[in-house]
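*Asks:* sequence and predicted structure are below.
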Amino acid sequence: MTKIFIFDTTLRDGEQSPGVNLNQLEKMEIAKQLERYGVDRMEVGFPASSKGDFNSVKMIADTIKNSSVTGLARAVKSDIDIAWDALKGAEEPCLHIFIATSPIHMTYKLKMTPEQVVNQAVEMVTYAKQKFPKVQWSAEDASRSDLPFLAQIVERVIDAGASVINIPDTVGYSTPEEYGKIFKYLTENVPNIDQVHLSCHCHNDLGLATANTLAAIENGATQVEGTINGIGERAGNVALEEVAVALKIREDFFQYKTGLNLVETKRTSDLVAHLTGMHVQANKAIVGRNAFAHESGIHQDGVLKHAETYEIITPEMVGVTSNTLFLGKHSGRHAFRDKIVELGYELSEEKVNEAFETFKELTDNKKEVTDDDIFTILMELQTDTTAVDKYELSMFQVQYSSMNIPTATVSLRTPSGEYVQTAKSGQGSVEALYGALEELVSEEPEVSDYQLSSVGRGTDALAEARVQLHINEQLVSGRGSAQDVIEASASAYLNAVNRYIIQKTTKATQKIN
Ligand code: KIV
Ligand code: ZN
């Protein structure tokens with residue numbers, strides 16, 4: 001069976017999802033889990049886009065040993081040089097260069113002629129090959145490009161040294177038949193195509209990403225690019241777990257295999273969902289909460305008599321287990337450490353101890369500590385260690401009764417070390433609290449989204465607040481958890497403002513495209 005290589009771009013294309021901004025430690029945690037999942041390649045950022053991206057790419061490149069670590073670059077020398085500095089410590093440094101090839105992108109975005117685009121692509125692949133052992137080249141908006149032109153540029157960049165050619169459906173416009181035909185055309189019309197791997201990269205704007213990806217594979221693609229849970233810009237990228245499980249379950253039809261360790265699927269999905277705050281819809285294929293739930297009587301009866309009547313995938317195959325063991329007051333450090341590993345985290349002894357202290361405090365107030373509670377504790381540990389002065393909550397008080405207007409008094413320590421305090425009223429407690437916080441921070445945030453959920457069941461459950469703020473035309477998200485909803489809300493707000501401050505300090509202004 002032919003192997004299909006899995007190229008994960010959760011930490012690059014996925015991280016471009018609106019409102020997702022992972023810090024370095026969170027990215028590292030995801031990268032380590034992707035390595036356990038068995039992805040062949042992982043694209044972990046765009047080093048030239050910001051100092052923050054550069055640092056995370058470097059940290060991951062220096063750490064991950066069993067997957068090839070890749071960074072993105074535009075077809076310009078400075079991007080390539082910066083990417084090399086970030087990636088040179090990797091086991092197999094790999095660069096992903098892209099330039100657009102569709103008439104609409106060349107004319108309006110690049111303002112370049114097709115000939116100029118070919119020259120730029122060839123020159124930059126040649127330049128990158130002097131540093132990188134492996135160069136992947138992407139024809140951005142390939143699916144809306146002229147096929148003979150696409151074949152011509154692909155041939156030239158292969159001659160220049162590219163060893164993987166990626167054909168993105170950048171705007172999710174293609175249909176399976178059309179997309180498959182592009183791969184067939186390139187296979188039949190590019191004389192040196194047998195020297196490279198052909199790669200597909202599908203966006204999901206029309207909900208066709210998985211179908212398009214499978215069509216590409218059937219027509220010659222040997223690498224699939226996508227993200228965990230399908231996160232990404234707009235409607236997202238293809239969900240890798242969907243492609244991998246489709247290939248496995250319909251091995252009889254497709255006759256391809258991947259090197260993924262499928263039993264790590266659920267753990268990887270959970271980690272990405274928790275850290276990005278992009279929750280998976282209940283009916284999402286493979287990893288949704290209901291993916292294995294049989295509700296109707298007829299189905300339940302069938303499954304009880306013979307599971308395969310209605311179940312084509314076993315939950316165990318993708319790591320979905322029903323025998324979750326809760327931890328409690330009497331659980332020791334050992335059981336706690338095992339649970340951390342089970343959830344996909346790798347922590348230093350010091351961090352395990354820190355988390356264990358928080359866990360013990362929680363068990364004073366909560367009888368059963370669930371996996372989600374522990375995820376929440378672990379996420380609180382992933383605070384950015386960047387040496388940047390941030391806001392700290394020093395005191396808050398909220399007065400609420402059915403008789404009075406809710407009022408919040410908040411006192412903060414600002415990044416410059418000053419203490420500031422104010423009081424505000426509002427229609428409800430959170431509005432009063434956020435009004436006070438808004439007055440105290442100088443970044444002028446505007447709340448664009450606020451969500452409060454309980455972590456698990458019961459009145460003693462932890463509250464988790466997630467907030468999205470608009471600051472200087474940028475969307476930043478924050479999260480906070482506590483047993484009290486107001487405290488969780490305050491800490492989510494400050495978490496978002498602090499993430500913005502860290503980003504501002506570590507980010508240059510460049511954006512992709
Ligand atoms: O969708 C796309 O075209 C991309 C490129 C940068 C490869 O993500
Ligand atoms: Zn993309």
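*Replies:* Right, received. Where do you want to start? Ligands and ions are numbered 1, 2, ... in the order given.
*Asks:* around ligand 1, pick out the residues from the stretch 151-300 of the chain.
*Replies:* 168, 170, 201, 203 (Cβ under 6 Å from any ligand atom). In short, each C-beta sits where N, CA and C put it, glycine included.
*Asks:* may I ask which of those has the most neighbours?
*Replies:* His201 (29 neighbours; other Cβ atoms under 10 Å).
*Asks:* what are the phi and psi angles of it?
*Replies:* phi -150, psi 100 (degrees, to the nearest 10).
*Asks:* okay, now Phe5: neighbour count?
*Replies:* Phe5, neighbours per other Cβ under 10 Å, totals 18.
*Asks:* report pLDDT for Pro176.
*Replies:* What the model reports for Pro176 is a pLDDT of 98.
*Asks:* quick one: it and Ala215 touch, right?
*Replies:* Yes - between Pro176 and Ala215 a contact is recorded at 3.8 Å, counting by Cβ atoms under 8 Å.
*Asks:* please identify which of the two sits among more neighbours.
*Replies:* Between Pro176 and Ala215, counted using other Cβ under 10 Å, Ala215 has the larger neighbour count: 24 against 18.
*Asks:* now do the biggest helix by length in the chain, average pLDDT.
*Replies:* Ranked by number of residues, the top helix in the chain under DSSP state H is helix 485-506. Regarding helix 485-506, the rounded mean pLDDT is 88.
*Asks:* just the CA atoms of that helix, as CSV, please.
*Replies:* Taking Å, rounded to 0.1, in the frame of the first residue of the first chain, the C-alpha atoms of helix 485-506 are listed here in CSV:
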residue,chain,number,x,y,z
VAL,A,485,-17.9,33.0,37.6
ILE,A,486,-17.0,36.6,38.3
GLU,A,487,-13.4,35.8,39.1
ALA,A,488,-13.1,33.6,36.0
SER,A,489,-14.5,36.4,33.9
ALA,A,490,-12.0,39.0,35.3
SER,A,491,-9.1,36.7,34.8
ALA,A,492,-10.2,35.9,31.2
TYR,A,493,-10.4,39.6,30.4
LEU,A,494,-6.9,40.3,31.8
ASN,A,495,-5.5,37.2,30.1
ALA,A,496,-6.6,38.6,26.7
VAL,A,497,-5.2,42.1,27.4
ASN,A,498,-1.9,40.5,28.6
ARG,A,499,-1.7,38.3,25.5
TYR,A,500,-2.1,41.4,23.4
ILE,A,501,0.7,43.1,25.3
ILE,A,502,3.0,40.1,24.8
GLN,A,503,2.1,39.9,21.1
LYS,A,504,2.7,43.6,20.6
THR,A,505,6.1,43.3,22.3
THR,A,506,7.1,40.2,20.3
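*Asks:* what comes up buried for it?
*Replies:* 485-504, 506 (16 or more other Cβ atoms under 10 Å).
*Asks:* neighbours of Gly478, how many?
*Replies:* By other Cβ under 10 Å, neighbour count at Gly478 equals 22.
*Asks:* for it, name its beta-bridge partners.
*Replies:* Gly478 has the following beta-bridge partners by DSSP bridges: Val467.
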